[in-house]
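Engineer: got a sequence here, can you model it:
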Amino acid sequence: MLDSISHRGPDGEGVFLDPEQRVVLGHRRLAIIDPEHGKQPMTTVDGQLTVAFNGAIYNYLELRRELIAKGHPIHSYSDTEVLLYAYREWGEACVDRFIGMFAFAIWDRAHNRLFCARDRVGIKPFYYHFDGVSLVFGSEIKAILASGLVKAESSSSGLQDYLTFQFCLNEKTLFKGIQKLEPGHCMVVQLSDGKSVLKLRQYWDVNYDIDDRHNEAWFIDHLAGLIEDATRMHLRSDVPLGAHLSGGLDSSAVVCLAADLLKGECIKTFTGAFPDGPQFDETGYAKTVAAFAGTDYKEIYIQGSELPELLPRLMYYMDEPLAGPGVIPQYYVSKLAAQHVKVVLGGQGGDELFIGYARYLVAYLEKCLSGAIYETANQNPYAVTLESIVPNLPLLQTYKPMMQGLWKDGLFDSPDRRYFKLIDRSEGMSNLFNPGVFEGRYSPFESFQQIFNRDGLHSMINRMTYFDLKGSLPALLHVEDRTSMAASIESRVPLLDHRIVEFMARIPPNIKFSGGRMKHLFKESVRNTVPAQIFERKDKMGFPTPLTQWTKGVAKDFVRDTLLSDRVRQRGLYNFAAMEKALDNEREFGRVVWGLLCLELWHRIYIDGDMKPNA
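Structural biologist: Here you go, the predicted model:
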């Protein structure tokens, strides 16, 4: 199991065994905080508590002082030791005090129980298999498979989720019998009389109680302070540190803040691009930010000819095919960063937190039209009106296909059906699979509804961003984790500090999405932090990948040889004639070929048991 995730921790490994209770913890270490004294699994001085921990507790210095004042014998400056004694002092409630990203398991010998927890938004992964007797868990699914206790089989409900969203909702994975510990959840496995009892509990969720006491200026000022403090904490490291830099607002703000907080210390930044046209190259913007912030700028250009060798390796590292082709540049930029640093900061989460996706504006345009036609706009005190949204509609000039797809049927239907239609990716794929794939009682839409229609969300914008916080964001963080750890570096995402998440949730929707202005509050909070050229950008790119050009060009033979092979025909999943037609008709930035290709490579590597690709 440890060998299967050696890339996650090249700096050492350790194993703890409690033979009386048949408890074993293993750990591969990437040494970031107190490299000298942070070896794991780590045990308290009295031998009663042992932890295996993945991640970083950014407020460990503050917690360390508090715990020492309470009499705990903390001797190192390791956040792992702080975590252990925080559990001793506060028990399961220790998770409420952590600012950070974490997935950990603590063996509590005195109480014969294993306590496990995962951070609030799911930055760090935790997978497990429990059969009622034995528990096996790990940071990656491949570690669980390496135990020999679980056979790799596909999950029908997980597959339906993947075909619908290109990720799995809630606790599901694409593997039968292997689950995720969900973000903001903890798990206790109690051992007694030779039996194991597992209990799950959600310890955190976003609270949308609206703050009506403050105005827009106060929210902007307070947000700026929170982002600066989060960035300051995320800079704590005992090894070289750098940052991803795309040229977009999110990563630019993080880089500029970090450079300012480091007070003259030069930070290294890493940028990726494609030589396939100006629409795939943001290096001009990235260089502007690097010059403004005084960073040591490094870039890499990515070639489509490498796709046949690269993609199988990426699918191995990913465990499951998730999200879109952005995984390709993320991996290359991580590999570039690993040549210079061990920790990188990034801007992940900005679109979900600060309302940065065009689909939010498209959905709200329909909502505002409905409110204007049926005179219902004033029924919700937090509603965004058609009059206010009109000045920002030019932002949708390049989103005609998205609007055509949404409005071809179901206009003014219920909000959950309308947003589901915007994010549902199965429409272009369902006819490519045999009908049996979609049979059964499981409904991805019903799982979606349970999240989207949660009580207490107050408005359409909160419902959309809440679903993305619970659905698409963990999938993007999955990519962030795997691409960085495949390169043996730690990726940190200061914008997802839970204090920022909670603060944004409480802002009145008509202020944070005022006039349909995307990222309005965030932009104002960093107005004086980033270069004017970045602040005024209106051509957001989002790291587009020239996948369609590749699959119809330099990688065409690889794609067709993979998807039109006898092996695929024998798999029994696909409508072969429809698949061949889909390969010829893929539109630019389409996800059909990508989804099929990743799914087939996943089947080959994990279900068929192909050999591990060369790392």
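Engineer: host element of Leu601?
Structural biologist: Leu601 belongs to helix 592-602 when elements are defined using DSSP states H and E.
Engineer: what is the subsequent helix or strand relative to the helix or strand hosting Ala259?
Structural biologist: For Ala259, the host element (DSSP H and E) is helix 249-261. Scanning forward in sequence from helix 249-261 by DSSP H and E, the next helix or strand is strand 268-273.
Engineer: name the helices or strands packed onto that following strand?
Structural biologist: Secondary-structure packing of strand 268-273 (3 or more C-beta pairs under 8 Å, 6 or more residues apart in numbering; DSSP states H and E): strand 241-244, helix 283-293, strand 296-301, helix 327-338. Backbone N, C-alpha and C define where each C-beta goes, glycine included.
Engineer: of the ones you listed, flag the one that's most buried.
Structural biologist: Among these, ranked by average contacts under mean count of other C-beta atoms under 10 Å, first place goes to strand 241-244 (a mean of 27).
Engineer: wait, is Ser196 part of a strand?
Structural biologist: Yes. Counting by DSSP: H, G, I helix; E, B strand; the rest coil, Ser196 is found in a strand.
Engineer: beta partners for it?
Structural biologist: In this entry, Ser196 is beta-bridged to Leu191, by DSSP bridges.
Engineer: isn't it right up against Val136?
Structural biologist: No. In this structure, Ser196 is not within contact of Val136 by C-beta atoms under 8 Å, at 11.5 Å.
Engineer: which one's more surrounded, these two?
Structural biologist: Using other C-beta atoms under 10 Å as the criterion, Ser196 and Val136 rank with Val136 on top: 20 against 16.
Engineer: pretty sure that one sits against His129.
Structural biologist: Yes. With contact defined as C-beta under 8 Å, Val136 reaches His129; the gap is 5.1 Å.
Engineer: name the residues contacting each of these two.
Structural biologist: Common contacts of Val136 and His129 (C-beta atoms under 8 Å, 6 or more residues apart in numbering): Ile144, Leu149, Val150.
Engineer: helix, strand, or coil at the last one?
Structural biologist: Spelled out, it's Val150. Per three-state DSSP, Val150 ends up coil.
Engineer: sticking with Thr164, tell me its helix or strand.
Structural biologist: With DSSP H and E as the test, Thr164 turns up in helix 156-165.
Engineer: what lies in contact with that helix?
Structural biologist: 167-169, 172-176, 320-322, 423-426, 429-430, 433, 437-438, 440, 442, 444-445, 447, 471-472, 475, 595, 599.
Engineer: Arg8 is nearest to which of the helices and strands packed on strand 268-273?
Structural biologist: helix 327-338 (12.7 Å; C-beta to C-beta).
Engineer: just want the most central residue of the chain.
Structural biologist: Leu477 (1.6 Å; C-alpha atoms, centre = their mean).
Engineer: surely that residue is in contact with Leu495?
Structural biologist: No. At 11.7 Å, Leu477 and Leu495 do not qualify as touching, with contact defined as C-beta under 8 Å.
Engineer: could you name every residue contacting both of those two?
Structural biologist: With C-beta under 8 Å, 6+ apart, Leu477 and Leu495 have common neighbours Gln348.
Engineer: mind listing the strands for the stretch 451-600 of the chain?
Structural biologist: 490-492 (DSSP state E, counting those that start in this stretch).
Engineer: helices of that one, start to end?
Structural biologist: 460-470, 472-486, 498-506, 509-512, 520-525, 532-535, 547-551, 556-563, 566-571, 576-585, 592-602 (DSSP state H, counting those that start in this stretch).
Engineer: equivalent analysis for the stretch 301-450 of the chain, please.
Structural biologist: 307-318, 327-338, 350-354, 358-374, 386-389, 400-407, 415-423, 444-452.
Engineer: for these, which one sits closest to Lys519?
Structural biologist: helix 350-354 (4.5 Å).
Engineer: how far off centre is the closest one?
Structural biologist: Helix 350-354 sits 12 Å away from the centroid of its parent chain (C-alpha atoms, centre = their mean, to the nearest Å).
Engineer: show me what it packs onto, helices and strands only.
Structural biologist: By 3+ C-beta pairs under 8 Å, 6+ apart, helix 350-354 packs against helix 249-261, helix 460-470, helix 498-506, helix 520-525.
Engineer: now mean pLDDT too, for the ones you listed, in TSV please.
Structural biologist: Output for the helices and strands packed on helix 350-354, formatted as TSV (pLDDT from 0 to 100):
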stretch	mean pLDDT
helix 249-261	96
helix 460-470	96
helix 498-506	98
helix 520-525	96
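Engineer: where does the prediction get shaky in the chain?
Structural biologist: 428, 540-543, 588-589, 611-615 (pLDDT under 70).
Engineer: what about the spatially closest residue to Tyr301 that is not a sequence neighbour, how many residues nearby?
Structural biologist: Excluding the flanking residues, the one nearest Tyr301 by C-beta to C-beta, 6 or more residues apart in numbering is Pro275, at 5.1 Å. Residues near Pro275, counting by other C-beta under 10 Å, number 11.
Engineer: hmm, Pro275 is touching Glu299, no?
Structural biologist: No. Between Pro275 and Glu299 there is no contact under C-beta under 8 Å: 11.5 Å.
Engineer: which stretches of the stretch 51-200 of the chain form strands?
Structural biologist: 100-108, 113-118, 127-130, 135-138, 179-180, 185-192, 195-202.
Engineer: mind checking which of those is nearest Thr288?
Structural biologist: Using C-beta to C-beta, those put strand 100-108 closest to Thr288, at 29.7 Å.
Engineer: quick one: contacts of that closest one?
Structural biologist: With C-beta under 8 Å, 6+ apart as the criterion, strand 100-108 contacts 16, 18, 23, 25, 48-60, 79, 83-84, 87, 114-119, 123-126, 137, 139, 181, 492-493.
Engineer: only alpha carbons, please: show it as PDB.
Structural biologist: The C-alpha coordinates for strand 100-108 follow below in PDB (Å, rounded to 0.1, in the frame of the first residue of the first chain):
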ATOM      1  CA  GLY A 100      -6.000  24.000   7.100                       C
ATOM      2  CA  MET A 101      -6.300  21.100   4.800                       C
ATOM      3  CA  PHE A 102      -6.200  17.700   6.300                       C
ATOM      4  CA  ALA A 103      -7.100  14.000   6.200                       C
ATOM      5  CA  PHE A 104      -6.000  12.000   9.200                       C
ATOM      6  CA  ALA A 105      -6.600   8.900  11.300                       C
ATOM      7  CA  ILE A 106      -5.800   8.800  15.100                       C
ATOM      8  CA  TRP A 107      -5.600   5.500  16.900                       C
ATOM      9  CA  ASP A 108      -6.900   6.100  20.400                       C
END
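Engineer: chain center to it: distance?
Structural biologist: Worked out by C-alpha atoms, centre = their mean, strand 100-108 lies 19 Å from the chain centre.
Engineer: give me the angle between that strand and strand 113-118.
Structural biologist: Angle between the axes of strand 100-108 and strand 113-118 is 170 degrees (criterion: axes from the mean of the first three to the mean of the last three C-alpha atoms, to 10 degrees).
Engineer: burial of the closest residue to Leu307 other than its chain neighbours, as a residue count?
Structural biologist: Nearest residue to Leu307, sequence neighbours excluded (C-beta to C-beta, 6+ apart): Ala555, at 4.3 Å. Neighbours of Ala555 under the rule other C-beta under 10 Å: 21.
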